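Enquirer: Have a look at this fold, sequence not included:
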């Protein structure tokens, strides 16, 4: 009986731990990303700072060298406020599914509700793409938030939901999309709005 109780307790702890770290959101297709974004930018991370919003830390990610693909922004830099980061007590708030940012990262971000949403990216991680250099072709190509090559545009599956850590629903074969083709497709999608 004691081993049964211990087993049930361990199972409960493991289940609770796993469920705390999972994030599930509605799955977004490429048209969803474009239509739902207030602003779409290509930019390079130039600063990462933390600010306290009461008891909750927020990370301020500043993008420079901007190319505004959708929306209007008159300044040379754009800062997004993302819930999470180091707290004064030494703890760190991390929301599962929120991408990591590093100085020098070149990215395409689909922004919605900056400074009003806890995570101001359409579909959380689904609205964050990395721009990387393909050394073989010496061109800028697209990768998802985790750095996996983006070989096709995101499409919705039958499930309609996606969990953090899952690769985007796209074919994993063929060459990665170029930044030029990706941004041109955004412009074309905007013409359909």
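Expert: All right, it came through fine. Worth saying up front: this structure is predicted, and the values here are computed from it rather than measured.
Enquirer: State the distance from the residue most central in space within the chain to residue 52.
Expert: Closest residue to the average C-alpha location of the chain: residue 125 at 2.6 Å, with CA atoms, centre = their mean. As for residue 125, its distance to residue 52 is 24 Å (criterion: CB to CB, to the nearest Å). To be clear about C-beta, it is placed using only N, CA and C from the backbone, and glycine gets the same treatment.
Enquirer: my guess is residue 93 meets residue 58, correct?
Expert: No: here residue 93 lies out of contact with residue 58, judged by CB atoms under 8 Å, at a distance of 9.1 Å.
Enquirer: sec struct for the residue nearest to the centre of the chain, please.
Expert: Look at residue 125: counting by DSSP: H, G, I helix; E, B strand; the rest coil, its state is helix.
Enquirer: Excluding chain neighbours, what is closest to it?
Expert: Distances taken as CB to CB, 6 or more residues apart in numbering place residue 145 nearest to residue 125, at 4.3 Å, with adjacent residues excluded.
Enquirer: list the buried ones in stretch 123-139?
Expert: By neighbour count on 16 or more other CB atoms under 10 Å, the buried set for stretch 123-139 is 123-132.
Enquirer: meant to ask about stretch 48-64
Expert: Neighbour counts over stretch 48-64 (16+ other CB under 10 Å) mark 48, 57-59, 61-63 as buried.
Enquirer: quick one: contacts of that stretch?
Expert: 41, 43-47, 76-88, 93, 101-103, 107, 109 (CB atoms under 8 Å, 6 or more residues apart in numbering).
Enquirer: same question, stretch 133-145
Expert: By CB under 8 Å, 6+ apart, the list of residues contacting stretch 133-145 reads 99, 106, 108, 125-126, 128-132, 149-150, 167-168, 175-180, 182.
Enquirer: Number of residues surrounding the residue nearest to residue 125?
Expert: Residues near residue 145, counting by other CB atoms under 10 Å, number 22.
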